[in-house]
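K.L.:
Kindly return the folded structure for what I paste below:
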Amino acid sequence: MEDHKSQGEDGGPKTEIGALSYYIYATEFISAFGDRMWQFAIPILFLDVWADSLLPTILYTFIINLATFLLMPICGSYVDTAPRLSLMMLTIFGDNVAVFVSCGLLYCTTYVEDNDDLLWMMFYGILAVCVPGQLMVNVGTIALEKDWVPIMTEKEPHALATLSSRLRMIDLSCKFLGPTAFALFLQFLGGDSETRIRWGCGIVIGYNILTVLPECVCVLLVYRATPRLASAKCSSESAKKHASKNAFVELFNGWNTYVKHPMFLASFSFTLLYATVLSPGSLLIAFLKWIGVMDGLLGMSVGMGAIFGMLGTYLFPLMHRRTATREHFMSLEQIGMLSVWMWFAFIAPIAICILLREDHWLTLPSMATGHLILFFVVTGRTWLWVFDLAENQLVVERVTERIDGKEIIGQFMGVQRALTNLFTVVIYMLGLIFHRPNQFYILCYASVFFVLLSAIGYTIWFVRYGDARKYEERIPIYQVINVKEGSSNGKDL
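P.N.:
Residues are numbered from 1 along each chain as shown. Below you'll find the predicted structure:
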């Protein structure tokens, strides 16, 4: 990334984005690694507490996703109104408190393992702290990636693509490294459940104790070196108005803002991609193991999926780079269009192979089918991550309006995050209905269908708003509509 020097609005000293970016990278790595390890550790250690039941793990995953779906539109709005430094510190400490309490309760289960009533009380206690903890994680991620980073790069717009792709690369790496490190640690501990639970909780708590101070220091350094971060997001009158609204009104306003925004269809198309079993996750791995794919290859597929995903984070800034004759080699809209259809092109052969095999038009051994599925899913993730980066940067660059004196990007991203969790719940519910291995082909068809819907939806948005001039013509109309509705809501209250 090129260094860029900017003079603060208050006449303060010049700062280098290139140097500050390392503090942002450090913050992202510390947070993402710890969060990924925690999110993996809790449901995995449940299997040591309740060795004969998957119910606690399923309930935990379902409730966390459902709560995120219901509450993120409300929580995301605070990114638009709360002071930046206070919000970041709150999310850091709130996340760490949730980790300490949930792991502490899980640790205590080793002392009451014969008392089912106490075990379930502790389970509900873990849920009670993990839900706000996960919300803190999501709000902190939105604030850092969609608010702090754009402000840091506002005088060097071309740096935004590079910084965003590197942050996504760090997150993707931690998605693999965090769970892998924790799993290797558990494997080293052996098979005694009590030892695994105590040491597993201890390592998660220890990591958070060691990293909370460095994370806060990195955030403070970036904040003090970027004067624009201290500027108010909205007027004091608007902030008071926001604080006086009840949760249901804020929830309605979040969805209303999202659905009526010109970026809605592009964002919604992106969230549809979360309704899939065609990713290196638990459902796909369980099916591939059932049809005979080797354990070593399954384990390798997780790592290879991460590698191909990181290739996408490297490819994206190259596609969006400046050239001698053009401002960008490809626009964000064009990159999104290409990448979403490329992702569909990679997974469509999976549905075709399964269809031919199920109808006996093609004699294909189960093992060969499994290898084909694995190949297309893993290699296609490059384009999935390119689309992820393109869509998220489009949101950052295009959702810049103020409605009723308040920014809306936090609210918009809160609803987008809620929808990703909703579609995750949808595919798991389909998995509960069609839970037999010989019914997995139905989940594959559903996954390909959702990707096709995503590609069609984004194409419609591209035709309507792919031209920035058409988009800019629509924005004033959108703002007028929402200002009128906001005034009406205020009168009703």
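K.L.:
For the helix or strand where Phe375 lies, enumerate the helices and strands it packs against.
P.N.:
Per DSSP states H and E, Phe375 falls inside helix 366-398. Identification of packing neighbours for helix 366-398 by 3 or more CB pairs under 8 Å, 6 or more residues apart in numbering; DSSP states H and E yields helix 149-152, helix 158-189, helix 264-272, helix 282-290, helix 295-319, helix 332-358, helix 409-433. The way it works is simple: take the backbone N, C-alpha and C, and place the C-beta from them, glycine included.
K.L.:
which residues does Met152 contact?
P.N.:
Going by CB atoms under 8 Å, 6 or more residues apart in numbering, Met152 touches Ile17, Leu20, Ser21, Ile24, Leu163, Val222, Thr226, Leu229.
K.L.:
Tell me which residues touch the residue nearest to Thr68 when sequence neighbours are not counted, please.
P.N.:
Leaving aside its chain neighbours, Thr68 sits nearest to Asn421 (4.2 Å; criterion: CB to CB, 6 or more residues apart in numbering). Applying CB under 8 Å, 6+ apart to Asn421 gives the contacts Asn65, Leu66, Thr68, Phe69, Met72, Tyr274.
K.L.:
Out of those, grab the one that's most surrounded.
P.N.:
Tallying neighbours with other CB atoms under 10 Å puts Met72 at the head of those, with 28 neighbours.
K.L.:
OK, contacts around that residue?
P.N.:
Met72 is in contact with Leu135, Asn138, Gly414, Val415, Arg417, Ala418, Asn421, counting by CB under 8 Å, 6+ apart.
K.L.:
now for the host helix or strand of Leu443, which elements pack on it?
P.N.:
Element membership for Leu443 (DSSP H and E) is helix 440-465. Judged by 3+ CB pairs under 8 Å, 6+ apart, the packing partners of helix 440-465 are helix 264-272, helix 282-290, helix 332-358, helix 409-433, helix 468-492.
K.L.:
mean confidence for the last one?
P.N.:
Put plainly, it is helix 468-492. For helix 468-492, the mean pLDDT works out to 50.
K.L.:
Could you do the fourth one as well?
P.N.:
Averaging the model's pLDDT scores along helix 409-433 yields 86.
K.L.:
Stretch 395-405 now?
P.N.:
For stretch 395-405, the mean confidence score works out to 72.
K.L.:
quick one: buried residues of stretch 434-454?
P.N.:
Buried positions in stretch 434-454, judged by neighbour count with 16 or more other CB atoms under 10 Å: 440-444, 446-448, 450-454.
K.L.:
And stretch 163-177, by the same measure?
P.N.:
If you call a residue buried by 16+ other CB under 10 Å, then stretch 163-177 has these buried ones: 163-177.
K.L.:
again with stretch 215-235
P.N.:
In terms of neighbour count (16+ other CB under 10 Å), stretch 215-235 has its buried residues at 215-216, 218-219, 221-223, 225-227, 229, 233-234.
K.L.:
again with stretch 250-264
P.N.:
Glu250, Leu251, Asn253, Gly254, Asn256, Thr257, Tyr258, His261, Pro262, Met263, Phe264.
K.L.:
For it, what does the pLDDT average out to?
P.N.:
Averaging pLDDT along stretch 250-264 yields 83.
K.L.:
Please name the nearest non-neighbouring residue to the most centrally placed residue in the chain.
P.N.:
Closest to where the C-alpha atoms of the chain average out (CA atoms, centre = their mean) is Arg417, at 6.8 Å. Leaving aside its chain neighbours, Arg417 sits nearest to Met72 (4.8 Å; criterion: CB to CB, 6+ apart).
K.L.:
tell me the pLDDT at the one you found?
P.N.:
86.
K.L.:
The helix or strand harbouring Met89: how far from the chain's middle?
P.N.:
Using DSSP H and E, Met89 sits within helix 84-108. Put simply, helix 84-108 sits 19 Å off its chain's centre (CA atoms, centre = their mean, to the nearest Å).
K.L.:
Many thanks, I have nothing further to ask.
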